[in-house]
Structures are given as structure tokens and as C-alpha cells.
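A.B. asks: Generate a structure from the sequence data that follows.
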Amino acid sequence: MSIHPTAIVDPKAKVHPSCKLGPYCVIGADVELGEDCHLVSHVTIEGPTKIGVDNGFFPFTSIGMAPQDLSYAGEPTRLEIGDHNEIREFATINRGTVKGGGLTKIGDYNLIMAYTHIAHDCQIGNHIIMANAATLGGHVTVGDWANVGALCPVHHYVRIGAHSIIGGGSTITRDVLPFSKTSAERGTNAYGLNAVGLERRGFSKERIKKLHHAYRVLLASKLNTSQALEKLKAEADRGEDVDMLIRFIEESERGVIK
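C.D. replies: The predicted structure follows:
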């Protein structure tokens, strides 16, 4: 195991022998580090926190600290981080709260850029990019392949749909539609389909065509949301992607950005 002489590792921590711990890292009790994790320097991790394989932590990241919630009373809540994530400088990720299920969870292959904050009880999927200083309030859910732009504050309990992209500086207070482009440039509105992103991820022309049609019905027709959903549900060949979009809207508790 490669541990710099200035690093401090609690005897109760479980650190895989293949990990590399750089200068001035602090690893607390109840922390589990999987294979090939690399802590560059000045990384602090508290537990209970379980971290998978091949994760990189850059200087001054703060991982698994107590939630910033006034109701928190020291309960042993948890943070779980999957595999192959890159967590850049000054990022902060907090453990969960009892009222939120006790768990903050990060999936696999995510890029969490500098100064990002992921608050208590957030659920982050896979292949997500969170640009510099993106900020998630508590209980936020982020779907796979979403891209949260720089300097975006996201209100607690908001859901960010899969394959969506949010422009930098957007304040998000309602749910972000899957597959959408959403930006504050137009008053924080969804203004179309993230077609370029879908093409890059291998979506067929037919799948994109069906989603384009669904977005025209939702955003460009004279129908209200309920009427638009009824129209889409009446179309037999709408496809699984449109079904996912319909379910997302119907399950929304905060309302969606249109």
C-alpha cells in the first residue's frame, strides 16, 4: 500500500492494498476504500462511507462528512460511491439523513468537477457530468448521462431526468425533463431535445424522431400538459423513450420545467 508519511488513516478504516494515499490525506473510521483508488493530496473522508474501485479524489475534496441539515443529530448515516468516478478539487459530498433514508449514493463513471456540492440523500446515477460549482440541494435525484452545467443551483427534492443537459448558471427549482435541453437563457425553460447528446450515445434516428415528435407535442403545441400526455399515450408506436418521458412527468411532485 502506498501511503504518504503525512497521511492519517484510522486503524478501523478498510483500505485496499492497491490504493494510493497522497500527502495530508485523512481517512476516518468506518471508511472502506476499494481497489486502485487514488487520493492525490489533502483529501478528507469520514464514515460510514463505502467507496468502490478505481476512484480518483483530487486535492481538498471533502467526502462523507455529516449532512448540512439542522435536523441531523449525529446518527450513523451513510455515503456510498461506486466505481471509476473522478472527483475533482474542493468537491463536497455529504452523508444522508435519517428522514431522507440515511443514504447518499453515487453511481459509476461520473465526472464531478471542482467545487461541486452533493448534499445529503442525493441519488446520482451513472455517466453523469457535474460541471464546476454545480450545487445539489438535499434529496436530489440525477438520472444516467445527465449533464449539469457550471454554477447551477438545484433545489432540494428536484429530479433531473436521464440524458438531459442543463446550461450553465441555470437555477433549477422544478424537475428537468429527460432528454431535454434546459437553460436560464430563456427564463429557465426546456427549449427542445438534447439531440446531439443522444446521437453521441448511439440513439438511432428513429428513436430521436419519436422523441422530437413528443417534444413538439409537449412544448410547441397549444395543448396543456395533461392534454399533451393524453395525446402521446394514444399513439401506439410512441416507443419506450417516450413512455419514460410520460412516466417522469406523471410522477413529478414539484412540476416539470417546460
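A.B. asks: pLDDT weak spots in the stretch 101-250 of the chain?
C.D. replies: Along the stretch 101-250 of the chain, the parts satisfying pLDDT under 70 run over 186-188.
A.B. asks: what about 90?
C.D. replies: 184-192, 220, 222, 236 (pLDDT under 90).
A.B. asks: Okay, buried residues for stretch 5-13 please.
C.D. replies: Counting neighbours by 16 or more other C-beta atoms under 10 Å, one finds that the buried residues in stretch 5-13 are 7, 9, 13. For every residue, glycine as well, the C-beta is placed using N, CA and C.
A.B. asks: Please tabulate those residues in a markdown table, including the columns pLDDT, secondary structure and distance to Gly149.
C.D. replies: Below are the buried residues of stretch 5-13 laid out as a markdown table (pLDDT from 0 to 100; DSSP: H, G, I helix; E, B strand; the rest coil; distance: C-beta to C-beta, whole Å):
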| residue | pLDDT | secondary structure | distance to Gly149 |
| --- | --- | --- | --- |
| Ala7 | 97 | coil | 34 |
| Val9 | 97 | strand | 36 |
| Ala13 | 97 | coil | 35 |
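A.B. asks: Could you dump these into CSV and include distance to Thr225?
C.D. replies: As requested, the buried residues of stretch 5-13 are arranged in CSV below (distance: C-beta to C-beta, whole Å):
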residue, distance to Thr225
Ala7, 53
Val9, 53
Ala13, 50
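A.B. asks: Pick the one among those closest to Phe57.
C.D. replies: For Phe57, the nearest member of the buried residues of stretch 5-13 is Ala7. The distance, counting by C-beta to C-beta, is 12.3 Å.
A.B. asks: That closest one against Cys19, yeah?
C.D. replies: No - with contacts defined as C-beta atoms under 8 Å, Ala7 does not count as touching Cys19, sitting 10.6 Å away.
A.B. asks: okay, and the common contacts of these two?
C.D. replies: Residues touching both Ala7 and Cys19 (C-beta atoms under 8 Å, 6 or more residues apart in numbering): Leu39.
A.B. asks: Domain parsing of this protein, as residue ranges.
C.D. replies: The chain breaks down by automatic domain parsing into domains covering 2-139, 197-250.
A.B. asks: most tightly surrounded among those?
C.D. replies: When neighbours are counted by mean count of other C-beta atoms under 10 Å, the highest per-stretch mean among the domains of the chain falls to domain 2-139, a mean of 19.
A.B. asks: quick one: that domain to chain centroid distance?
C.D. replies: 13 Å (C-alpha atoms, centre = their mean, to the nearest Å).
A.B. asks: same check, this time on stretch 132-152
C.D. replies: Going by C-alpha atoms, centre = their mean, where stretch 132-152 is centred and where its chain is centred differ by 5 Å.
A.B. asks: circling back: with distance to Ile165 as new columns, can the domains of the chain be given to me in JSON lines?
C.D. replies: Formatted as JSON lines, the entries for the domains of the chain read as follows, by distance: least, C-beta to C-beta, whole Å:
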{"stretch": "domain 2-139", "distance to Ile165": "9"}
{"stretch": "domain 197-250", "distance to Ile165": "6"}
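A.B. asks: Go through those and name the closest to Ser164.
C.D. replies: Distances from Ser164 to each of the domains of the chain were compared using C-beta to C-beta; the shortest belongs to domain 197-250, at 8.5 Å.
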